[in-house]
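Student: my questions are about this predicted structure, shown below with the sequence.
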Amino acid sequence: MTAVEVSYTEDGPAGAPVVVLSNSLGATRGMWDPQVPALAERYRVVTYDTRGHGESPSPAGPYGLDDLVDDLVALLDRLGARRAHVAGLSLGGMTAMRLAAREPDRVDRLALLATSARPDPQGFLDRAAAVRADGTASIAPAVVARWLTPQYAAGHPELVARLEGMVAAADDEGYALCAEVVAAVDLVADLGRITAPTLVVSGAEDPALPPAHQQAIADGIAGASLVSVSPGAHLPNLEQPLEVTGALLGHLDAAGGHA
Ligand SMILES: O=C(O)CC1=CCC(=O)O1
């Protein structure tokens, strides 16, 4: 399939090293809002909407993970970035892992948050069927219930409402096609091919992709470091923004400022 031109936003100094942030299933690039200001103090931060999400196109399917990687490579080319730091959460992390394994010369440092090299497919196939039948609004409360710990969600009803609105606004077919991408992901053989210095981040209470998934990634990528954020669920960057942003900056800054 031809790569699509994804919709993106840039923040930070134009000449700084590029950091690209890739979103999770059902989210938009807005999910990175807590991280962008601090990262943009010293990086050219690029957030984008994965195809089928937000303001990016939702071409007819089926999609494979390599289509999402092709979109990301096309974005790097549009940015004039031969190499970039790449961070992704969940589906975004799967895209980032595949890029790092397939085109290692395009990736400087890699950050993989709340993601998996081999998710259990059935739940995602069921989810695709559910949104095709009843739309993304029908699954939004259950999805967001996995993104934040129950305690944090109880204390932040406006955030919960905003996130549920984000999922409900997602294109039904785009969401379903990307859920099918997740269901088909098997990156176990790719892990050993990843040479980029890698940070892996877990939400200690993530019910969607529990910490064993990130442990398997950290075990499979040579030299990877693993940080567990607690309390934290599937979107630990929202619940623990200071800790996650600090971990990202520590990892990226170790590159010495050159992507
Ligand atoms: O949506 C979820 O429940 C968890 C998830 C899996 C892949 C992804 O991007 O989010």
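Tutor: All right, it came through fine. Numbering: from 1, shown residues only.
Student: give the contact list for the residue of the chain positioned farthest from its centre.
Tutor: Largest separation from the mean C-alpha position in the chain: A133, at 25.7 Å (C-alpha atoms, centre = their mean). By C-beta atoms under 8 Å, 6 or more residues apart in numbering, A133 lies in contact with nothing. For glycine as for every other residue, the C-beta is placed from the backbone atoms N, C-alpha and C.
Student: same question for G256.
Tutor: Counting by C-beta under 8 Å, 6+ apart, G256 has no contacts.
Student: hmm, back to that, alpha carbons of the helix or strand that contains the residue farthest from the centre of the chain, as CSV, please.
Tutor: According to DSSP states H and E, A133 maps onto helix 121-134. Once non-C-alpha atoms are left out, helix 121-134 reads as follows in CSV (Å, rounded to 0.1, in the frame of the first residue of the first chain):
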residue,chain,number,x,y,z
PRO,A,121,-4.9,-11.1,19.2
GLN,A,122,-8.5,-12.0,20.2
GLY,A,123,-9.4,-9.0,22.2
PHE,A,124,-8.3,-6.7,19.3
LEU,A,125,-10.3,-8.7,16.8
ASP,A,126,-13.3,-8.5,19.1
ARG,A,127,-12.8,-4.8,19.4
ALA,A,128,-12.6,-4.3,15.6
ALA,A,129,-15.9,-6.2,15.3
ALA,A,130,-17.5,-4.1,18.1
VAL,A,131,-16.6,-0.8,16.5
ARG,A,132,-17.7,-1.9,13.1
ALA,A,133,-21.1,-2.8,14.6
ASP,A,134,-21.6,0.0,17.1
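Student: which parts of that helix are buried?
Tutor: 124-125, 127-128, 130-131 (16 or more other C-beta atoms under 10 Å).
Student: could you give the average pLDDT over the helix or strand following it?
Tutor: Moving toward the C-terminus from helix 121-134, the next helix or strand (DSSP H and E) is helix 140-147. Helix 140-147 carries an average pLDDT of 98.
Student: only alpha carbons, please: show whichever helix or strand comes after helix 140-147 as PDB.
Tutor: Note on helix 140-147: by DSSP H and E, the next helix or strand toward the C-terminus is helix 150-155. Only the C-alpha atoms of helix 150-155 are listed here, as PDB (Å, rounded to 0.1, in the frame of the first residue of the first chain):
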ATOM      1  CA  PRO A 150      -9.200   3.600  38.800                       C
ATOM      2  CA  GLN A 151      -7.900   5.900  41.600                       C
ATOM      3  CA  TYR A 152      -6.500   8.400  39.200                       C
ATOM      4  CA  ALA A 153      -9.600   8.300  37.000                       C
ATOM      5  CA  ALA A 154     -11.800   8.900  40.000                       C
ATOM      6  CA  GLY A 155      -9.900  12.100  40.800                       C
END
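Student: all good on my end, thank you.
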